[in-house]
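**Student:** How does the following fold in three dimensions:
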Amino acid sequence: MTVTIAGCSLNPFAGDKESAAPTPVSRSVPEGATSIDPSSRSAQTMPQRAAPPAAQRLTQIPLAAGAPNEYIVKRGDTLWDISGTFLKDPWYWPEVWYVNPQVENPHLIYPGDKLSLVMIDGRPRIMLSRGNAYRLSPQARVTQLDEAVTSIPYEQIAAFLSRGLVLERSQIERLPYVLAIRGDRLMAGAGNDIYVRGGSADPTGTRYSVVKIGEELIDPDDNKPVGYQGIYVGEGALSRGGDPATVTLSDTTREALAGDRLLPEAVDIPLNFFPQAPETAIDGRIISVVDGVSLIGQYQVIVLNRGSRDGLGPGDVLSVFQAGETVRDRFANRSFLASAGGVLGGFGGEKVVLPDEEAGTVMVFKVYDRISYALVMEATSDIHVKDAVRSPD
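**Tutor:** Now for the predicted structure:
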């Protein structure tokens, strides 16, 4: 199974009317624009995501401490890294990206490109310029589109993007399944044949992903099931039709067992989303973590109980909050001696819920109707299942 990594689209509002290309002056700063003194500071588009109303866009963008006037993009950079170089909060990137129509493929960023922090109409903007080193002639480029910067480190989730999924019960019941394993084996790996029912009409050579049906995912808000976690097992191809049919496994990450389900091999998924704040206020929770670890850290994949029906889309950034602990107040309405005695030996007192504490930042990358998958971009403290996720401030 392969995953095509497409270049990251950097201008979510390309449909908006952009001003005409300014006349370049020194340092590639547009006419009427000024470079920002740090000491004085107080992608193809995503068509399914519309620009927020102009009234909602910020006029004051919080810049990162020590943000440079210029930055040369390096191989291995991600848009999240670049955004964090210029901005205190990377999800403000759509607010500062300036489309330069004089640049070929202005919505993509490549290694070697120069990004300049300038002021245009009193607002900070990021302007791209591309050196001649990336051109053989006006008709040809050295850099290919698949070398463009992506939003997140795709090596962390490239495999998951085509393998992570949530299945509804009715969908599971319609999928082909593993009946038995050749040689009366209990488990199958790469090179083994499995006998499958439910997919006999498919032509020889059809490729499948084999998945194990994992835990049922429950929305903690209403205790209703939202689906079942599909756990990737491996890949195989139909080598003989019939009922049962024979599928030969070509690659596995864990053992295939009788009862596992088969899905048509997933299509390639481009990583062309970009960091942005959600268009609507989000208040949800983490309901699962892929691979079932108890503590969640950077670059781990989590499942949220909010999806497209709540306004979430790929690239949306959310803050994670640890739920405040409940403690007993043994000091309220008591004298000093009484409260001291309570500390030493009492167990009474009013229950008080402590404030939620911010624990990290996640970026949504795959969205279903009621749930979403997100990647942990930053973890400032331990993150757990049932922690809250909310729109960033």
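
**Student:** gap between Lys224 and Ala245?
**Tutor:** Separation of Lys224 from Ala245 (C-beta to C-beta, to the nearest Å) stands at 36 Å. (Each C-beta comes from the backbone N, C-alpha and C, glycine too.)

**Student:** Name the residue in the two with the higher neighbour count.
**Tutor:** Ala245 (23 against 10; other C-beta atoms under 10 Å).

**Student:** residues touching the more buried one, list them.
**Tutor:** By C-beta atoms under 8 Å, 6 or more residues apart in numbering, Ala245 lies in contact with 176, 195-197, 199-200, 202, 238.

**Student:** which residues does it bridge with?
**Tutor:** Val196 (DSSP bridges).

**Student:** mind checking how far Phe365 is from Gly313?
**Tutor:** Counting by C-beta to C-beta, the gap from Phe365 to Gly313 is 10 Å.

**Student:** meant to ask about Gly198, not that
**Tutor:** Relative to Gly313, Gly198 is positioned 33 Å away (C-beta to C-beta).

**Student:** now Val73
**Tutor:** Relative to Gly313, Val73 is positioned 25 Å away (C-beta to C-beta).

**Student:** Report the two of the contacts of Ala245 separated the most.
**Tutor:** Tyr195 and Asp202 (14.4 Å; C-beta to C-beta).

**Student:** Mind checking the pLDDT average for stretch 320-339?
**Tutor:** For stretch 320-339, mean pLDDT is 78.

**Student:** my bad, should have said stretch 99-118
**Tutor:** Average pLDDT, stretch 99-118: 81.

**Student:** Sort out which residues of that stretch are buried, please.
**Tutor:** For stretch 99-118, a neighbour-count test (16 or more other C-beta atoms under 10 Å) marks 99-100, 105-110, 112-113, 115-118 as buried.

**Student:** And the strands in the stretch 101-250 of the chain, which stretches?
**Tutor:** Using DSSP state E, counting those that start in this stretch, the strands of the stretch 101-250 of the chain run over 114-120, 123-129, 135-137, 140-141, 165-167, 177-181, 193-197, 207-219, 224-240, 245-252.

**Student:** Columns distance to Pro62 on top of those strands, output as CSV?
**Tutor:** Formatted as CSV, the strands of the stretch 101-250 of the chain follow (distance: least, C-beta to C-beta, whole Å):
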stretch, distance to Pro62
strand 114-120, 13
strand 123-129, 10
strand 135-137, 36
strand 140-141, 35
strand 165-167, 35
strand 177-181, 52
strand 193-197, 54
strand 207-219, 34
strand 224-240, 35
strand 245-252, 45
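
**Student:** Quick one: closest of those to Tyr154.
**Tutor:** Among those, the nearest to Tyr154 by C-beta to C-beta is strand 224-240 (16.7 Å).

**Student:** for this structure, which spans come out with low pLDDT?
**Tutor:** By pLDDT under 70, the low-scoring segments of the chain are 1-59, 100, 103, 106, 131-146, 158-164, 200, 266-272, 291-294, 334-348.

**Student:** can you list the domains in it?
**Tutor:** Residue ranges for the domains of the chain, per automatic domain parsing: 40-147, 163-264, 283-390.

**Student:** nearest to Ile157, of those domains?
**Tutor:** Smallest distance to Ile157 across the domains of the chain (C-beta to C-beta): 5.8 Å, for domain 283-390.

**Student:** next one: that closest one to chain centre, how far?
**Tutor:** 19 Å (C-alpha atoms, centre = their mean, to the nearest Å).

**Student:** Begin at 14 from now on, thanks
**Tutor:** In the new count, where the first residue is 14, that last one comes out as domain 296-403.

**Student:** And it, end to end?
**Tutor:** Start-to-end span of domain 296-403 (C-alpha to C-alpha, to the nearest Å) is 5 Å.

**Student:** cool, and stretch 290-303?
**Tutor:** End-to-end distance for stretch 290-303, by C-alpha to C-alpha: 24 Å.

**Student:** what's the answer for stretch 325-335, then?
**Tutor:** End-to-end distance of stretch 325-335 (C-alpha to C-alpha): 21 Å.

**Student:** what does stretch 390-406 give?
**Tutor:** End-to-end for stretch 390-406, by C-alpha to C-alpha: 17 Å.

**Student:** quick one: Trp104 is in a helix?
**Tutor:** Yes - applying DSSP: H, G, I helix; E, B strand; the rest coil, one finds Trp104 inside a helix.

**Student:** Nearest residue to it in space, please, no chain neighbours.
**Tutor:** Distance criterion C-beta to C-beta, 6 or more residues apart in numbering; nearest residue to Trp104, sequence neighbours excluded, is Val330 at 4.0 Å.

**Student:** Show me what the helix or strand hosting the one you found is in contact with.
**Tutor:** Assigned by DSSP states H and E, Val330 falls within strand 330-335. Residues outside strand 330-335 that contact it (C-beta under 8 Å, 6+ apart): 103-104, 288-291, 295, 297, 299, 317, 369-377, 387, 389-390, 392, 394-397, 400-406.
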